[in-house]
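[1] Here is the input, now give the coordinates:
(3 chains)
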Amino acid sequence: MPSTLHEKIYAVVRRVPRGRVATYGQVAMMAGFPRHARHVGFALRALPERSKVPWHRILNSRGEVSPRAVPSFDEIQRQLLEEEGIEFSPAGRIDLERYRWEDDVDDFEI
DNA sequence: GATCTGACCACCG
DNA sequence: CCGGTGGCCAGAT
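    Purely as a prediction, here's the structure:
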């Protein structure tokens, strides 16, 4: 029975639709860990690059790409998001009001 | 098992 | 929006 913390988190992240984003805290809450936002980051960090899990759709509360240990990944993430039609502000930030994923609403976009 | 670290968040000013 | 503070907790050492 593989329901570990990571598994649950991945399960939630996997449900994030294309062209939408979610925050770490949001994912944590949906996974059933109201105050374990950091573990979401942990779980995603442990994730292999070419995983099916859309880790790039996870942003921090301010709607920007979280700084990673390896800076190059920031650009990769941004590129992936732009490919999905998500626009970045000049400051490299995303309008959460516009792109935030809510469990109820799973379609209608770009 | 104590200590440190971290892809964070809410809260306050 | 920005920066600092406290909190929360699974891994790594």
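[2] Could you pull out the strands in chain A for me?
    Taking DSSP state E as the criterion, chain A carries its strands at A:22-23, A:58-59.
[3] would you turn the ones you listed into CSV with mean neighbour count and mean pLDDT?
    (Glycine included, C-beta is placed from N, CA and C.) Formatted as CSV, the strands of chain A follow (neighbours: other Cβ atoms under 10 Å; pLDDT from 0 to 100):
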stretch, mean neighbour count, mean pLDDT
strand A:22-23, 23, 95
strand A:58-59, 24, 95
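[4] Out of those strands, which gets nearest to residue A:79?
    Checking these against residue A:79 by Cβ to Cβ gives strand A:58-59 as the closest, at 14.4 Å.
[5] other SSEs contacting the closest one?
    Strand A:58-59 sits against strand A:22-23, helix A:24-31, with contacts defined as 3 or more Cβ pairs under 8 Å, 6 or more residues apart in numbering; DSSP states H and E.
[6] Check what pLDDT residue A:104 gets.
    Here, the pLDDT recorded for residue A:104 equals 62.
[7] okay, which residue is most central for chain A?
    residue A:58 (1.3 Å; Cα atoms, centre = their mean).
[8] Surely that one and residue A:21 touch.
    Yes. Using Cβ atoms under 8 Å, residue A:58 makes contact with residue A:21 at a distance of 7.2 Å.
[9] rewinding a little: of all the helices and strands packed on strand A:58-59, which one comes closest to residue A:5?
    Residue A:5 lies closest, by Cβ to Cβ, to one member of the helices and strands packed on strand A:58-59: helix A:24-31, at 7.9 Å.
[10] close to DNA strand B, is that closest one?
    Yes. On the criterion Cβ under 7 Å from any atom of the strand, helix A:24-31 is in touch with DNA strand B at A:24-25, A:28.
[11] can you give me the mean pLDDT across that helix?
    Averaging pLDDT residue by residue across helix A:24-31 gives 92.
[12] Take it, keep the C-alpha atoms, and write them as CSV.
    Extracted C-alpha coordinates of helix A:24-31, given in CSV (Å, rounded to 0.1, in the frame of the first residue of the first chain):
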residue,chain,number,x,y,z
TYR,A,24,2.3,24.6,-2.3
GLY,A,25,-0.1,25.4,0.5
GLN,A,26,-3.0,24.7,-1.6
VAL,A,27,-1.7,21.3,-2.6
ALA,A,28,-0.8,20.5,1.0
MET,A,29,-4.3,21.3,2.1
MET,A,30,-5.9,19.2,-0.7
ALA,A,31,-3.6,16.3,0.2
